[in-house]
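S.K.: coordinates only, sequence not included:
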C-alpha cells in the first residue's frame with residue numbers, strides 16, 4: 001500500500017560481512033591517507049588486501065576487498081558545480097607534446113589562453129616552459145585578441161607564485177608582478193592540485209594536442225609552427241559548439257567588448273639576471289655560457305634572456321647578442337669578441353675555440369696563407385687585423401676587398417683596408433705596389449748574345 005507499483009525486493013538491513021567488517025576501519029584509514037600521496041603511489045585494492053592479510057591477520061578473499069574499495073572510492077569522488085563565465089575573463093595554462101623543428105625532434109611546450117565565455121582560445125609553442133615564454137605568451141595572446149582580459153585564472157605555477165601563504169593568499173614573483181602591473185589585469189589562482197578549477201583551458205590543452213599537434217608537427221622553425229597554429233585558432237572561431245546557437249566567433253564579440261585596451265608597448269618578455277663575466281670573457285645563463293667582448297672580462301653584466309635571443313649589457317650599453325641555446329653546458333661564441341686579444345696573443349690563434357667553425361669565404365684562407373708564408377708571425381697578426389675590419393665593415397664589402405687585393409697582389413692589411421674604403425665610397429683604388437717589398441717581383445733580364453758565345457768557345461773545331 002506504500003507504493004503505487006510493486007517495489008520489488010528490498011533489504012531490511014545491510015548484508016552482513018563477518019570477515020570484512022572488522023577491517024573496514026583499517027581500509028578507510030589507508031584510503032584517507034592516500035589522498036595526500038602522489039597519484040602513482042596510492043594503494044591498489046590488491047595491495048590493501050595484502051596488507052590486511054600480512055599485518056592484520058585478514059583471512060578473507062580479495063574480491064570482497066576489491067568491491068568495498070571500488071564502492072568507497074566511487075562515493076568519495078569529487079562532484080563539480082557547472083559554472084557560468086562572464087565576458088572578458090581568461091584562463092592560462094601550459095601543455096607539452098613532441099614535434100620536429102628544423103629536422104630535429106624536440107619537446108614542444110605550448111602556452112594556451114582561453115576565454116571561457118566564448119570558448120575562443122590562443123595557442124603558441126616554445127622550446128621550454130620558462131619565465132620569458134610565459135610573458136611572451138601573454139603578449140602574443142593579448143595582441144591576438146586585441147585587448148587585455150579583466151581577470152586571468154592560473155594554476156600555482158612557480159613562474160607566477162613565489163609562495164602560497166598560510167591564509168591562502170599568494171606571494172607573487174617579481175616578473176609576474178611586473179607583467180600584471182604593465183597590463184593591469186586582476187589575477188586569480190586555483191586550488192593547489194585542482195586542475196578542474198580552470199577546466200576550460202585544461203580542455204583547450206587537450207583539444208589543441210589532439211587536433212593540431214597529432215601527428216607530431218614538422219616545421220622549419222617555431223615561427224612557422226606558431227603562424228600555422230594562429231591560423232587554426234582563427235578557423236576554430238567559425239565552429240558552433242554543442243549547446244550554443246551562436247558560433248565561437250559570434251560569442252567572442254561579447255568577450256572583446258569587455259576587454260581592456262592594450263598599452264602602447266608590449267611587456268619586455270625576458271628573464272633578467274645579474275652576473276659577472278669570467279676570465280675567458282664568458283657569461284653563464286641557464287647552464288650555458290655566452291661570450292662577451294674581452295674588454296668586459298671580470299665586469300658585472302646584466303643578462304636578458306628572450307625566447308630565441310640572449311642580450312648582455314654592461315651599464316646602459318648592450319655589449320653582446322647571441323642566439324638562445326636550450327642545450328646543457330653549451331658554449332656560444334662570437335669570434336669577433338676575441339679578435340682584440342688574439343691580435344696581442346697571436347700564438348693562440350690556431351687553437352682559439354671561438355674561431356672553430358667560423359665559416360668565412362675561401363679568399364680569407366688564401367689571404368692568411370700568403371701573409372704567413374711571406375711575413376711569418378707578423379703576417380698572422382696582420383691577418384687578425386684584417387678580420388678586425390669586420391668590427392666596422394660588412395662581410396660582403398670586406399670579402400670583395402680581399403678578392404681585389406689578391407688579384408692585384410697587394411697582400412697586406414693597409415691595402416685591404418684601402419680597398420674596402422674604395423668599395424664603400426665608390427672610387428678607384430690608388431695603390432703603390434712598391435710599398436710591399438715582401439712580395440716577390442718577377443725580374444726579366446735582356447738576352448745577352450755573349451752568353452751564347454761563351455758556350456761556343458770551348459767547342460772542338
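M.R.: Thanks, I have it. Nothing here was measured: the structure is a model prediction, and the numbers come from that model.

S.K.: Next, residue 214: secondary structure please.
M.R.: coil (DSSP: H, G, I helix; E, B strand; the rest coil).

S.K.: what sits against residue 305?
M.R.: 130, 132, 270-273, 285-286, 324 (Cβ atoms under 8 Å, 6 or more residues apart in numbering). No exception for glycine: its C-beta is placed from N, CA and C like everyone else's.

S.K.: For those, which PyMOL command selects only the ones that are buried?
M.R.: Here is the PyMOL command that selects the buried residues among those (16 or more other Cβ atoms under 10 Å):
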select buried, resi 130+132+270+271+273+285+286+324
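
S.K.: Return the subset of the contacts of residue 305 lying in helices.
M.R.: Taking DSSP state H as the definition of helices, the contacts of residue 305 contribute residue 132.

S.K.: Between all of the contacts of residue 305, which two are separated the most?
M.R.: Using Cβ to Cβ, these reach their maximum pairwise distance at 272 and 324, which is 14.5 Å.

S.K.: could you pull out the strands for the stretch 51-200 of the chain?
M.R.: For the stretch 51-200 of the chain, strands defined by DSSP state E, counting those that start in this stretch occupy the ranges 89-101, 104-115, 120-126, 151-154, 161-164, 170-172, 186-189.

S.K.: Run through the chain and note the low-pLDDT ranges.
M.R.: Residues of the chain meeting the criterion pLDDT under 70: 80-84, 193-197, 432-446, 451-461.

S.K.: if we go to 80?
M.R.: 1-3, 7, 10-12, 14-16, 77-84, 191-198, 431-461 (pLDDT under 80).

S.K.: Centroid-nearest residue for it?
M.R.: With distances taken as Cα atoms, centre = their mean, the residue of the chain nearest its centroid is residue 127 (3.7 Å).

S.K.: I'd like to know how far that one sits from residue 325.
M.R.: Distance, residue 127 to residue 325, by Cβ to Cβ, to the nearest Å: 10 Å.

S.K.: close enough to count as contact, the residue nearest to the centre of the chain and residue 326?
M.R.: Yes - assessed by Cβ atoms under 8 Å, residue 127 is found in contact with residue 326 at 4.8 Å.

S.K.: gap between residue 1 and residue 12?
M.R.: 18 Å.

S.K.: where do the helices sit along the stretch 201-350 of the chain?
M.R.: Using DSSP state H, counting those that start in this stretch, the helices of the stretch 201-350 of the chain run over 222-236, 248-258, 339-344.

S.K.: How far does the helix or strand that comes right after the last one sit from its chain's centre?
M.R.: Read in the C-terminal direction, the helix or strand following helix 339-344 is helix 362-375, with elements assigned using DSSP states H and E. Distance of helix 362-375 from the chain centroid (Cα atoms, centre = their mean, to the nearest Å) equals 41 Å.

S.K.: quick check: domain ranges of this structure?
M.R.: Annotated domains of the chain cover 23-75, 89-258, 271-332, 339-435 [automatic domain parsing].

S.K.: nearest to residue 264, of those domains?
M.R.: When these are compared by Cβ to Cβ, domain 89-258 sits nearest residue 264, at 10.7 Å.

S.K.: what about that closest one, start to end distance?
M.R.: 9 Å (Cα to Cα, to the nearest Å).

S.K.: Look up phi and psi at residue 61.
M.R.: Backbone torsions of residue 61, given as degrees, to the nearest 10, read phi -80, psi 170.

S.K.: got it, and residue 424?
M.R.: Dihedral angles for residue 424 - degrees, to the nearest 10 - are phi -70, psi -40.

S.K.: how about the strands of the stretch 201-350 of the chain, start to end?
M.R.: Counting by DSSP E, counting those that start in this stretch, the strands of the stretch 201-350 of the chain are 218-219, 271-276, 282-285, 288-291, 300-305, 309-314, 317-323, 331-332.

S.K.: Need the residues that contact the last one.
M.R.: Surrounding strand 331-332, the residues in contact under the criterion Cβ under 8 Å, 6+ apart are 282, 288-291, 310, 322-323, 325, 353.

S.K.: partners of it in the sheet?
M.R.: Applying DSSP bridges to the sheet, strand 331-332 is found paired with strand 288-291 (parallel).

S.K.: Ok, the fifth one next?
M.R.: Counting by DSSP bridges, the strands paired with strand 300-305 are strand 271-276 (antiparallel), strand 309-314 (antiparallel).

S.K.: possible to save those strands as CSV with distance to residue 35?
M.R.: Output for the strands paired with strand 300-305, formatted as CSV (distance: least, Cβ to Cβ, whole Å):
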stretch, distance to residue 35
strand 271-276, 36
strand 309-314, 44
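
S.K.: Tell me which of these is the most buried.
M.R.: Across those, averaging neighbours per residue (mean count of other Cβ atoms under 10 Å) puts strand 309-314 on top, at a mean of 18.

S.K.: Next one: the nearest residue to residue 115 once chain neighbours are set aside relative to residue 149, how far apart?
M.R.: With Cβ to Cβ, 6 or more residues apart in numbering as the criterion, residue 115 has its nearest non-adjacent residue at 4.7 Å, and that residue is residue 255. Between residue 255 and residue 149 the distance is 8 Å, computed by Cβ to Cβ.

S.K.: Mutual contacts of those two, please.
M.R.: 88, 115.

S.K.: Make a markdown table from the strands of the stretch 201-350 of the chain and add distance to residue 260 to it.
M.R.: Formatted as a markdown table, the strands of the stretch 201-350 of the chain follow (distance: least, Cβ to Cβ, whole Å):
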| stretch | distance to residue 260 |
| --- | --- |
| strand 218-219 | 33 |
| strand 271-276 | 26 |
| strand 282-285 | 34 |
| strand 288-291 | 37 |
| strand 300-305 | 27 |
| strand 309-314 | 29 |
| strand 317-323 | 32 |
| strand 331-332 | 39 |
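
S.K.: which stretch among the ones you listed comes nearest residue 179?
M.R.: It's strand 271-276; of the strands of the stretch 201-350 of the chain, that one is closest to residue 179 (Cβ to Cβ) at 12.0 Å.

S.K.: Residues in contact with the closest one: which ones?
M.R.: 130-132, 175, 283-285, 298-305.

S.K.: could you flag which of the contacts of strand 331-332 are buried?
M.R.: Using 16+ other Cβ under 10 Å as the burial test, the contacts of strand 331-332 include 282, 288-291, 310, 322, 325 as buried.

S.K.: Out of those, flag the one nearest to residue 207.
M.R.: residue 325 (32.1 Å).

S.K.: from the middle of its chain, how far away would stretch 160-176 be?
M.R.: 25 Å.

S.K.: next one: stretch 254-262
M.R.: Centroid separation for stretch 254-262 versus its chain: 30 Å, with Cα atoms, centre = their mean.

S.K.: cool, stretch 395-410 as well?
M.R.: Taking mean C-alpha positions (Cα atoms, centre = their mean), stretch 395-410 and its chain are 40 Å apart.

S.K.: Which positions within that stretch qualify as buried?
M.R.: 397-405, 410.
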